[in-house]
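**Q** build me a model:
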Amino acid sequence: MSTEFEPACRRMEWLDPFYKSVWEKAFADAIPISGTFELTPRCNFNCRMCYVHLKPDQIPKYGRELTAKEWIRIAEEAKEAGTTWLCVTGGEPLMHPEFETIWKELCSMGFFITLQTNASLIKGKTADLLAKYPPRGAKITLYGSSDEVYEKVCRVKHGFTDADAGIRALCEMKIPVQLISTVIRQNEDDIKRMAFYAYIHRLPWMATGGIKASCRGAESEARQVRVENKLEEQKREEIKRRLEKVPVDINRKPCTYCKDYRLGYWVVWNGDMRFCSFLNEPNIPVRDMPFQKAWEELIRYEEALEWPEECRTCEAQKVCFKCAGTLAAECGSPHRVTEEYCGRVRKIYDEMKGE
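**A** Below is the predicted model:
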C-alpha cells in the first residue's frame, strides 16, 4: 500500500491489550485470525430485510450446502493458518442438517466461537448440545418485544415467545448474550420496548437501521422497509462530519476501511470464500482448494479492488463514506455506482455546501 492509514484493529477498544497486540501482528503478516462460517441459507424465519435466506427449493440455483465433512476440513486448515476467532452463522445455523456434528468438531478445535442465531430453536436436544459445548458468546437477533411484532417483521407465529425462551436458556447456561436489533418500518415503534427487554435481562443491546439490499439471491424487501427519514438524518450527520473534520481519502482502497482487511474472511454456505457477507464476489472455492491458497487469493483481491472511476472524479468524493459491501448491495457490484445512489449523496452535499 502506498498510502499509510490506521488499520481498524487499532480502534477495537473491546479487545484486551494482549489480544489487540495479537491482532496487530496478524494484520502486519496477513494472518486470517478471524473467520465466519455461514453454514446455511435456510431459516425458520422469513425476515423482510434478510439478504441471505433462501427457501429450500431455491438453494440448488445458487449452489450446494457444504457437508459436515467439508466444513470440518476447512476449519482444520483455517486453524492451521491462524484462525482463532470464529463466528458461526446462517441463515439460521441450527438448521444445517448436520449442525450437531459440525458444532462438536468446531468446539473441539479450540476456536473462540460466537454463535449468531435468532435463538428460537434453542430447546430440547439443541439446548443440551450448547450446554455441553458452549460458545464463547451468542449474538441474538431481537426483532421485537411481542409475537405480534415478530409476525410483522419475520412473518412467523410465536417468534418472540420462542426467541425469548432461547435467550433465557442461554442465560441459564451462563453463555454471554448480546442482542442486536435491526430496525425497519414494521418494528420502529417497538424500539423502546426492545431496549427495555435488554435492560431488564441485563444484556448488552444495539440497534441498527443500516440494512442492505441483497445481491445474493434472497428475496429481500430491504429498500421497501427501511426507515428512510432516520437514515437520511444519519447520512446528513455523516456528511457534515466529513465536511468539517474527517474527509474521505479516495486514495485508500475500499477494503482498507473494514476491520477484516488482512485479518478476516467469510465462507458462504456454498463454500466460496469472500471478503464480506454483502459482496457477491469473489467466488474463491475454498471447498475445492486448500484454505491457505484461498486466503492468499482473497488478499490479492483486497489489494487489487479499486473504487469505481466515477467515485474518483466526483466532487462529493470527500464526504461520501461507503464500502465495497455498500456498493455491491446498493449498486449490484463494487465496481460501479448508480445515479440513484450518487444522487442521494450529492443532493445532501450540495445543500450543505450552500449552507
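
**Q** in the stretch 251-355 of the chain, which spans are strands?
**A** Ranges of strands in the stretch 251-355 of the chain, per DSSP state E, counting those that start in this stretch, are 264-267, 272-274, 284-285.

**Q** CSV for those, including mean neighbour count and mean pLDDT?
**A** The C-beta positions use only the backbone N, C-alpha and C, and glycine is treated the same way. Supplementary listing: the strands of the stretch 251-355 of the chain in CSV, determined by neighbours: other Cβ atoms under 10 Å; pLDDT from 0 to 100:
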stretch, mean neighbour count, mean pLDDT
strand 264-267, 23, 97
strand 272-274, 23, 97
strand 284-285, 18, 98
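
**Q** could those go into TSV alongside distance to G35?
**A** Converted to TSV, the strands of the stretch 251-355 of the chain look like this (distance: least, Cβ to Cβ, whole Å):
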stretch	distance to G35
strand 264-267	5
strand 272-274	9
strand 284-285	13
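
**Q** need phi/psi at the residue nearest the centre of the chain.
**A** Nearest to the mean C-alpha position of the chain, counting by Cα atoms, centre = their mean, stands S277 at 5.7 Å. Phi and psi for S277, reported as degrees, to the nearest 10, are phi -70, psi -30.

**Q** how close does the residue nearest to it when sequence neighbours are not counted get to I284?
**A** The spatial neighbour of S277 that comes closest, neighbours along the chain excluded (Cβ to Cβ, 6 or more residues apart in numbering), is W266 at 5.2 Å. W266 sits 11 Å away from I284, going by Cβ to Cβ, to the nearest Å.

**Q** joint contacts of those two?
**A** Shared contacts of W266 and I284, defined by Cβ atoms under 8 Å, 6 or more residues apart in numbering, comprise M273, R274.

**Q** mind listing the strands for the chain?
**A** Under the criterion DSSP state E, strands of the chain are mapped to 34-38, 85-89, 112-117, 137-141, 177-182, 205-208, 264-267, 272-274, 284-285.

**Q** please convert those to TSV, extending it with distance to I102.
**A** Converted to TSV, those look like this (distance: least, Cβ to Cβ, whole Å):
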stretch	distance to I102
strand 34-38	8
strand 85-89	8
strand 112-117	11
strand 137-141	16
strand 177-182	21
strand 205-208	28
strand 264-267	12
strand 272-274	17
strand 284-285	19
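
**Q** which of these sits closest to K245?
**A** Ranking these by proximity to K245 (Cβ to Cβ) places strand 205-208 first, at 23.0 Å.

**Q** so how far is the closest one off the chain centroid?
**A** The chain centre lies 14 Å from the centre of strand 205-208; the measure is Cα atoms, centre = their mean, to the nearest Å.

**Q** next, the buried residues of it.
**A** W205 (16 or more other Cβ atoms under 10 Å).

**Q** can I get that strand in CSV, CA atoms only?
**A** This file holds the C-alpha atoms of strand 205-208, laid out as CSV (Å, rounded to 0.1, in the frame of the first residue of the first chain):
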residue,chain,number,x,y,z
TRP,A,205,-28.1,-4.4,23.1
MET,A,206,-27.5,-2.4,20.0
ALA,A,207,-29.9,-1.4,17.2
THR,A,208,-29.2,-0.6,13.6
